[in-house]
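Trainee: Mind looking at a prediction? Sequence and model below.
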Amino acid sequence: MRSPRTARKAQLLNTRFEVDGPIAVVTINRPGARNAVNSATASELTACFKRFEADDSLSVAILTGAGGNFCAGFDLKEVAQGRATRLTARAEGPMGPTRMHLDKPVIAAIEGYAVAGGLELALWCDLRVAGRGATLGVFNRRFGVPLIDLGTIRLPRMLGEGRALDLILTGRPVPAAEALQFGLVQRLVDAGKALDEAKAIAKQIADHPQGAVRADRRSAKSQWSLSLAKAIKAEYDGGVKVVSSGESQAGAREFANGKGRHGAD
């Protein structure tokens with residue numbers, strides 16, 4: 001499926017899916033609940049990212065929240081009423097896309113709270129940009145709710161076991177500045193500017209030749225489960241496909257003609 005690379009918008013009940021050129025912005029739109037995700041919202045988020053993955057005109061997605069918060073986790077009111085219907089090991093994640101394996105990058109633009117399942121959504125993304133007023137943390141620890149959207153897997157891999165367990169066991173709030181220091185977020189910007197920065201990063205990524213971007217991303221993410229020998233082969237196989245496609249030769253010709261010298265665009 002190919003779509004025109006022009007700005008367009010589709011309105012959903014609990015989410016928004018907006019596209020500008022090669023960038024899709026997926027917004028959790030439940031500001032009255034601090035963008036807590038219920039089962040319906042989780043289904044919409046999954047549908048949004050399936051749409052993003054299937055659209056050849058889209059290169060990068062941004063996940064964010066409306067009304068000054070990223071996401072306060074799963075809607076515990078639904079859990080309290082016994083209406084949570086997404087608790088199965090083989091289905092999609094309770095928060096929606098957290099078990100999806102996309103071939104294109106996603107950036108989290110975080111303001112306000114990114115806690116509990118909301119933190120797990122942010123961890124699913126490739127990069128995290130946070131406003132200075134943002135707070136991250138495993139707040140579900142306070143209510144006897146476990147991490148089941150891969151938080152116990154992604155946090156140790158990203159931060160190391162010690163730091164991950166500090167967050168997992170205590171449930172303490174983590175200010176955005178501290179999150180930057182130990183790599184939980186990659187960019188820290190003024191409050192209210194996270195989405196703008198995420199769009200700038202997304203444009204930078206989308207402007208690169210996408211074959212090599214996706215091959216290198218795929219290798220970096222898949223190597224966790226591979227032996228060194230298999231990881232080396234996977235990197236080589238992915239790289240050779242890009243070179244064989246002609247993308248690398250085209251880029252080399254541009255460099256030879258003067259583009260990109262000394263790190264310039």
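Mentor: Alright, I've got the coordinates. Numbering: from 1, shown residues only.
Trainee: make it CA atoms for all contacts and neighbour counts henceforth
Mentor: Noted.
Trainee: Helix or strand, whichever it is, which one in this structure has the lowest mean pLDDT?
Mentor: One helix or strand of the chain scores below all others by mean pLDDT, DSSP states H and E: strand 8-11, with a mean of 51.
Trainee: neighbouring strands for the helix or strand just after that one, and are they parallel or not?
Mentor: Using DSSP states H and E, the helix or strand that follows strand 8-11 towards the C-terminus is strand 15-20. Strand pairing for strand 15-20, determined by DSSP bridges: strand 8-11 (antiparallel), strand 23-28 (antiparallel).
Trainee: Using CSV, write out every CA atom in strand 15-20.
Mentor: Extracted in CSV, the C-alpha atoms of strand 15-20 (Å, rounded to 0.1, in the frame of the first residue of the first chain):
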residue,chain,number,x,y,z
THR,A,15,-6.1,7.8,19.4
ARG,A,16,-5.0,10.1,16.6
PHE,A,17,-3.1,9.0,13.5
GLU,A,18,-1.6,12.0,11.7
VAL,A,19,0.8,11.9,8.7
ASP,A,20,3.1,14.6,7.3
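Trainee: What residues sit buried inside that strand?
Mentor: Residues of strand 15-20 classed as buried: 15-19 (neighbour count, 16 or more other C-alpha atoms under 10 Å).
Trainee: mean confidence score for that strand?
Mentor: Strand 15-20 carries an average pLDDT of 96.
Trainee: where's it relative to the chain centroid, distance-wise?
Mentor: Offset of strand 15-20 from its chain centre (C-alpha atoms, centre = their mean, to the nearest Å): 15 Å.
Trainee: Also stretch 24-44?
Mentor: 15 Å.
Trainee: first vs last residue of it, how far apart are they?
Mentor: In stretch 24-44, first residue to last residue: 15 Å (C-alpha to C-alpha, to the nearest Å).
Trainee: longest single helix anywhere in this protein?
Mentor: helix 228-245 (DSSP state H).
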